[in-house]
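Student: 3D model of this:
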Amino acid sequence: MGHIELSLSGAFVPQARTPAEAEFVTSVDRWTSTVTEAPEPCLVIDTTTTILALSVSCSELFGLGKPIEVVGQPLSTAIRLIDFTALAAALDEADVEKIPPLLAIRSKRLARGLLRVAPIPGEPPLTVDAITTPLLHNDEVAGSLTFFSPVR
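Tutor: The predicted structure is shown next:
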């Protein structure tokens, strides 16, 4: 099984450059700008599941095209989640609510799990390990940050 380690170091954690920026720039905004430059497959969604940012490697992993074309779409529209059965049927709404990016928003806690994604034409289904942390603004959940690792 694939392995993901989430390590927030000084070089990766978005930092405010000035006290004014720290006061007015939300963690979601700072992570959004960081994710667009990240080499790892990752994305940020808001509480409505709208994709705010994704890395180039995330877009490539899921075969989504250019990241700028995916930003603003609901997560379930951009990434077609399927079940783990031989039929590879679309996930029903109850199961979609349990995926790590949404579970972290609802639970306000870290979430981790496997996702199976409909294949890029001509490719087998893709299974990824997803680890997600909620992003807070004024002690309220404003979105989530998810890192993906393909399971081979």
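Student: flag every buried residue along the helix ranked longest in the chain.
Tutor: Determined from DSSP state H, the single longest helix within the chain is helix 27-37. Buried positions in helix 27-37, judged by neighbour count with 16 or more other CB atoms under 10 Å: 27, 28, 29, 30, 31, 32, 34, 35, 36. The way it works is simple: take the backbone N, C-alpha and C, and place the C-beta from them, glycine included.
Student: okay, and for this protein, where does confidence drop off?
Tutor: Applying pLDDT under 70 to the chain flags the ranges 1-25.
Student: now the helices for it?
Tutor: Secondary structure of the chain (DSSP H): helices located at 19-24, 27-37, 56-62, 67-70, 75-78, 93-96, 100-107.
Student: contacts for the fifth one?
Tutor: Among residues not part of helix 75-78, those counted as contacts by CB atoms under 8 Å, 6 or more residues apart in numbering are 43, 45, 49, 50, 51, 62, 64, 70, 96, 101, 102.
Student: pull out the buried residues from the residues you listed.
Tutor: For those, buried by 16+ other CB under 10 Å: 43, 45, 49, 50, 51, 62, 64, 70, 101, 102.
Student: burial of residue 26, as a residue count?
Tutor: Neighbours of residue 26 under the rule other CB atoms under 10 Å: 14.
Student: before we move on, the earlier item: in the buried ones among the contacts of helix 75-78, find the pair that's most separated.
Tutor: By the measure CB to CB, 64 and 102 form the most distant pair in the buried ones among the contacts of helix 75-78, at 18.4 Å.
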